[in-house]
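Engineer: predicted structure and sequence below. I'll ask about it afterward.
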Amino acid sequence: MPAKVLDGRYKLIKQIGAGGFGHTFIARDMRRPGSPPCVVKQLKPASDDPNFIREARRLFNTEAETLEKLGRHDQIPQLLAYFEEDKQFFLVQEFVEGRSLHDELKAPLPEVSDLDNEPQDRILAELANIDAPVRDKQLNEVEVIQILKDVLDVLEFVHSEGVIHRDIKPDNLIRRKKDRKIVLIDFGAVRAMQDANTQLTANEKGESRFTVTIGTPGYMPSEQCAGRPTYNSDIYALGMVAIKALTGYGPTDLPTDPATGELVWRDKAQVSNGLAMVITRMVRYHYTQRYQSVREVNQGISTFATMTEVERQATTSKIVRSTILTGTDSLAKSNAATSYKSSSQNRRTVPAPSASSNSGVLFLFGGLLAVVAVIAAFALPSMMRNNQPAVIVNNPAIPVTKTISPESSPVSTATNTSVSQAVNLEVNKDFLFPNKIVGDVTHTYTIQAKSGQSLSTAITGSGLLLTILNDQGVPLPNAVNVINTDVPITSDGAYVVQIKGIGGTSEIPYQLKLSLKETAIAQPTSTPTNPPFPSPLVSPTPTSGTPIPSSPTPVATPTPPPPQIEIKVRNR
């Protein structure tokens, strides 16, 4: 039987896919030199109703135009042609030589064993696990990060064109043979006119329209199941692909937390805390708790998932090191002068020796100065700890003060992009972070904390709320959408303070106060407040006519006088 030729040009060679929506073929373009291969998708409407066919034709033309526009990206197959024949619709796309991620991860079939020669206990063990989900091949962390970066690059372009893919899964990710890059295929928007579950309904004007839910169970978030997909619905699906690659289990084979609805997967993968925190936020059950854009995901990967723990600790230390050193230089000099003056006042007066004993007196006097210097060296750190002021991070020119009012503290330039900053807090010291936020972007501050400590947070700024997340990305109790709270730390790890505005385009200045405290003695935990319209925290403002000092004058903590030294000089 001769092969069928469509549109007098495309000769069908091999069928590579079939489903309720139609068929997919490998074909050859007979009108191009060398008859290169291409992919022909037959999209057959689910109904012969004339209204259905008319609506299908309109959607088909619209989606073909979208694919023509998206095909400009190197990692999206280019649309070569589209046409209608015998009330069926056909798309012709570029052929991508490669292998799908689904085939890469698929575990090889187990060898058939001769059960007649096996012991009974082994046969019973195999029968007990016969219904257990099959675990596919697992990829390492470096491979998963590369897949995420490849697909995120494509998604950033797709979303910038106003398109949501809606069906990201391993089957639709092809690793191109020539360069090993991931190519995104089968855009779900094209399936809207031919899905078997599509229903043609009529609105109040009597006009026909489609109601359809597109996606694959396990990779489709809750809002997409309800027919209201968002851009971060694609981010959710990509996070599920990463979990599939790390654990070897499909999303529907993994358990969920009955209290929160979140997927439980960490115990089945070997993954660093940084990458796990990024992926966990990608697959949050509620879309408002996920990353809101591809750019935010890339920032999270760059911050947490592409460096080792040692590099991450070094990076967080560098963020505040220069500010701490700059702010404490003048304080150290002042405390040293005060300590030396106090010590010198308590020194005994030595009678003037005769000329014959000058060398002995000089020797003893030098020893006395050495003793005073040692005492000052031990007293100085104690005074600095007791008089440690709040430090304004990333603003080294600002004088270090006990209390910094929002009016006098300069803030960084406002930006409409998200901010992600890692900070290193010292125990029993307050840190103030002034900034500005615009719109509904998110600012995050990551802190390393240890078990037995407590994290105290407070935010000033009208219309701003903060949430504290643990290293799993799970919000802590009594720390969701509040303006201040004091939460105990139960395990070592990274904790994220997330700040969000209520939206709009106005610029909102704020100050975030953070501090870590030791909780060896239990202290009452303050109840977080969450008023409908939070008001900024009021800081002391100097009254008119009162001069404002150019720099704070720390008060030295009284130190015990040095031990009395009795010096006897014998005249010869």
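Structural biologist: That came in fine, so what should we check first?

Engineer: going forward, measure contacts and count neighbours with C-alpha atoms only.
Structural biologist: OK.

Engineer: for Gly367, helix, strand, or coil?
Structural biologist: Three-state assignment for Gly367 (DSSP: H, G, I helix; E, B strand; the rest coil): helix.

Engineer: my bad, Gln93
Structural biologist: Following three-state DSSP, we place Gln93 in the strand state.

Engineer: tell me the pLDDT at it?
Structural biologist: On pLDDT, Gln93 comes in at 92.

Engineer: what about it, neighbour count?
Structural biologist: If you count neighbours by other C-alpha atoms under 10 Å, Gln93 ends up with 22.

Engineer: ok, Lys87 next?
Structural biologist: Residues contacting Lys87 under the criterion other C-alpha under 10 Å number 12.

Engineer: residues in contact with it?
Structural biologist: Going by C-alpha atoms under 8 Å, 6 or more residues apart in numbering, Lys87 touches Lys44, Ile53.

Engineer: distance check, it against Thr62.
Structural biologist: 17 Å (C-alpha to C-alpha, to the nearest Å).

Engineer: doesn't Thr457 make contact with Asn484?
Structural biologist: Yes. Look at Asn484 against Thr457 with C-alpha atoms under 8 Å: they come within range, at 5.4 Å.

Engineer: distance check, Gly184 against Lys14.
Structural biologist: No Gly there; residue 184 is Leu. 22 Å.

Engineer: and those two? Which one has more around it.
Structural biologist: Taking neighbours as other C-alpha under 10 Å, Leu184 and Lys14 compare with Leu184 leading, 24 against 12.

Engineer: is the more buried one bridged to anything, and to what?
Structural biologist: Bridge pairing for Leu184 (DSSP bridges) gives the partners Leu173.

Engineer: show the contacting residues for it.
Structural biologist: Contacts of Leu184 (C-alpha under 8 Å, 6+ apart): Gln75, Ile76, Pro77, Val151, Val154, Asn172, Leu173, Ile174.

Engineer: ok, now Asp171?
Structural biologist: By C-alpha under 8 Å, 6+ apart, the residues touching Asp171 are Ser100, Leu101, His102, Asp103.

Engineer: before we move on, what SS does it have?
Structural biologist: Classification of Asp171 using three-state DSSP returns helix.

Engineer: do Leu246 as well
Structural biologist: helix.

Engineer: please report how far it lies from Pro36.
Structural biologist: 37 Å.

Engineer: out of these two, which sits in the busier spot?
Structural biologist: The neighbour comparison of Leu246 against Pro36 (other C-alpha under 10 Å) goes to Leu246, with 23 against 13.

Engineer: hang on, the earlier thing: spatially, which two of the contacts of Leu184 are the most separated?
Structural biologist: Greatest spatial distance among the contacts of Leu184 (C-alpha to C-alpha): Pro77 and Val151, at 13.8 Å.

Engineer: any residues in contact with both of the two?
Structural biologist: Common contacts of Pro77 and Val151, defined by C-alpha under 8 Å, 6+ apart, comprise Val183, Leu184.

Engineer: pick out whichever of the contacts of Asp171 sits closest to Thr303.
Structural biologist: So of the contacts of Asp171, ranked by how close each gets to Thr303 (C-alpha to C-alpha), first place is Leu101, at 26.3 Å.

Engineer: now do the same contact list for that closest one.
Structural biologist: By C-alpha under 8 Å, 6+ apart, the neighbours of Leu101 are Pro170, Asp171, Asn172, Leu173, Ile174, Arg175.

Engineer: and if you look at Thr467?
Structural biologist: Taking C-alpha under 8 Å, 6+ apart, one finds Pro475, Leu476, Ala479, Val480, Asn481, Val482, Val497, Gln498, Ile499 in contact with Thr467.

Engineer: for it, which non-adjacent residue is spatially closest?
Structural biologist: Val480 (4.4 Å; C-alpha to C-alpha, 6 or more residues apart in numbering).

Engineer: and the one you found, which of the three is it?
Structural biologist: coil.

Engineer: what about it, how many residues nearby?
Structural biologist: Neighbours of Val480 under the rule other C-alpha under 10 Å: 18.

Engineer: and the pLDDT for the closest residue to Tyr285 other than its chain neighbours?
Structural biologist: Distances taken as C-alpha to C-alpha, 6+ apart put Glu262 closest to Tyr285, at 5.8 Å, once the chain neighbours are dropped. pLDDT for Glu262: 93.
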